[in-house]
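Just to be clear, the model below is a prediction. Sequence and coordinates:
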Amino acid sequence: MVGINWINDFEWAWGRLRVKKTGAVVPFSKAIRSEVLAWFDFFFAVSKAPREPGDRFSIAFAPDRPRPWYFIWPVLRLAGARFVNDPTSADVVMQFEDATRPHPVEAPVSARGLLMNFGCTDVSKTRVAEAFEEAFGYGLAVDPATHVGAAVEKSEENGAHDGRIVQCPMPPKPGRVYQRVVDNRLQGRPELVEDIRTPTVGGKPAIVFLKRRPISERFANANVEVVVANPEQVYSEAELASIERFAQILGLDWGGLDVLRDAQEGRLYIVDANKTDMGPPTALPLADKLYATRVMARAFRAFMTGAAQTDRGN
């Protein structure tokens, strides 16, 4: 399923890797080397794992084909998908571009007519906050010029991990957004914060990764602990319905959501949405990574066939 020399996606300079597509720069530190090795363990394990039973299906992508480090790759590997270049002969066609606002792509005609993510044209922080407020009925965004107290300042762009807490009122900076500070400290362990990473298939949560890190690293992606759970263990029925509504508003058929639960209010806040999410999280044990990937593979096949409920068994 790889079929391409994806090593060419990177440039090496001065001890750092630069991703050509996004321009992201990754320092090649000891921690990064450990993450790369853990990813290769997962990659080879998925490559050897048996596919889900049932007929194989074909999928095409536009404008880009996902590389193996995107979560969609191992999920499709276990789901029994074949990558094809011709969208008119594919069972599924997915819009795929690692960009906050992807280049406009005309939705092709597929053999089955199953198109994914072509309606998701903007996952900027502003658009995510708008969709969240419409779906949940309460807001995340604040106006820094009038808000009094602490707020989170972060980039509009997806995956920047550059948030910081600022004091308002203050004049807004170009290219930055401002949101309320969500108290997502872990109950009983206030030194840690918890992000609820929620991959979705067909706009519905399929699995949950509880990502925990020190409160001093709340805006980084350096998790000290990751626990896998089923959505029903984490969300109420009403919350699941609101999450599905959010995905529908955003046009997100496949993707990952970053959700925070406020420890004081108990309410949820969706702070990020990514239609080209990577995963599972590196800190998750290998057995749990494979379990989560198989759950997602079953959810993908269920979405294709219109099944009402995903089988989350082992």
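That came through, no problem.

And the helix or strand where Glu194 lies, what's buried?
Applying DSSP states H and E as the criterion places Glu194 in strand 189-201. Across strand 189-201, burial judged by 16 or more other CB atoms under 10 Å covers Leu192, Val193, Glu194, Asp195, Ile196, Arg197, Thr198, Pro199, Thr200, Val201. Every residue, glycine included, has its C-beta placed from N, CA and C.

Distance to Arg82 and pLDDT added to those, as a markdown table?
Below are those laid out as a markdown table (distance: CB to CB, whole Å; pLDDT from 0 to 100):
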| residue | distance to Arg82 | pLDDT |
| --- | --- | --- |
| Leu192 | 42 | 95 |
| Val193 | 41 | 96 |
| Glu194 | 38 | 97 |
| Asp195 | 34 | 96 |
| Ile196 | 33 | 97 |
| Arg197 | 28 | 97 |
| Thr198 | 28 | 98 |
| Pro199 | 22 | 98 |
| Thr200 | 23 | 97 |
| Val201 | 19 | 97 |
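
want to throw those residues into TSV with distance to Phe40?
Formatted as TSV, these follow (distance: CB to CB, whole Å):
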residue	distance to Phe40
Leu192	28
Val193	29
Glu194	28
Asp195	25
Ile196	27
Arg197	22
Thr198	26
Pro199	21
Thr200	27
Val201	26
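
Need the three-state assignment for Ala135.
Secondary structure, DSSP: H, G, I helix; E, B strand; the rest coil: Ala135 is helix.

Could you pull up the contacting residues of it?
Ser242, Ile243, Arg245, Phe246, Ile249 (CB atoms under 8 Å, 6 or more residues apart in numbering).

contacting residues around the closest residue in space to the second one that isn't next to it in sequence?
Pointing back at Ile243 there. Of all residues not flanking Ile243 in the chain, Pro205 sits nearest, at 5.8 Å (CB to CB, 6 or more residues apart in numbering). Pro205 is in contact with Thr198, Pro199, Pro231, Tyr235, Leu240, Ile243, Glu244, Leu257, counting by CB under 8 Å, 6+ apart.

Lowest mean pLDDT among the helices and strands, pick that one out for the protein.
The weakest-scoring helix or strand in the chain, judged by mean pLDDT, DSSP states H and E, is strand 25-27 (a mean of 54).

I'd like the mean pLDDT over the helix or strand that comes right after that one, please.
Using DSSP H and E, the helix or strand that follows strand 25-27 in sequence is helix 30-48. For helix 30-48, the mean per-residue pLDDT is 83.

Okay, now the sheet partners of the next helix or strand after the strand holding Glu194, with direction.
Downstream of strand 189-201, the first helix or strand assigned by DSSP H and E is strand 204-205. Here strand 204-205 has these sheet partners by DSSP bridges: strand 189-201 (antiparallel).

quick one: contacts for the nearest residue to Asn85 once chain neighbours are set aside?
Among residues not flanking Asn85 along the chain, Ala60 sits closest, at 6.5 Å (CB to CB, 6+ apart). Going by CB under 8 Å, 6+ apart, Ala60 touches Phe83, Val84, Asn85, Asp86, Pro87, Ser89, Ala90, Val92, Val93, Met94, Pro108, Ser110.

Need the residue closest to the centroid of this structure.
Gly256 (2.6 Å; CA atoms, centre = their mean).

Hmm, it is touching Pro281, no?
No: counting by CB atoms under 8 Å, Gly256 stays clear of Pro281, with 10.4 Å between them.

What separation do you get for the closest residue to Glu194 other than its chain neighbours and Arg218?
Ranked by CB to CB, 6+ apart and with sequence neighbours excluded, the top spatial neighbour of Glu194 is Leu186, at 4.7 Å. Applying CB to CB, to the nearest Å, the value for Leu186 to Arg218 is 11 Å.

just to revisit the earlier point, hey, what's the residue nearest to the centre of the chain bridged with?
According to DSSP bridges, beta-bridge pairing links Gly256 with Pro199, Asn274.

Same question for the one 5 residues further on.
Judged by DSSP bridges, the bridge partners of Arg261 are Leu268.

roughly how far apart are it and Ser236?
For Arg261, the distance to Ser236 (CB to CB) stands at 11 Å.

So which of the two has more stuff around it?
Per other CB atoms under 10 Å, whichever of Arg261 and Ser236 has more neighbours is Arg261, with 20 against 10.

wait, isn't the more buried one in contact with Asp183?
No: the pair Arg261 and Asp183 fails to qualify as a contact (CB under 8 Å) at a distance of 9.2 Å.

contacting residues for Leu284?
Counting by CB under 8 Å, 6+ apart, Leu284 has contacts Phe209, Val226, Val228, Ala292.

Tell me the most packed of these, by neighbour count.
Neighbour max across those (other CB under 10 Å) = Ala292, 25 neighbours.
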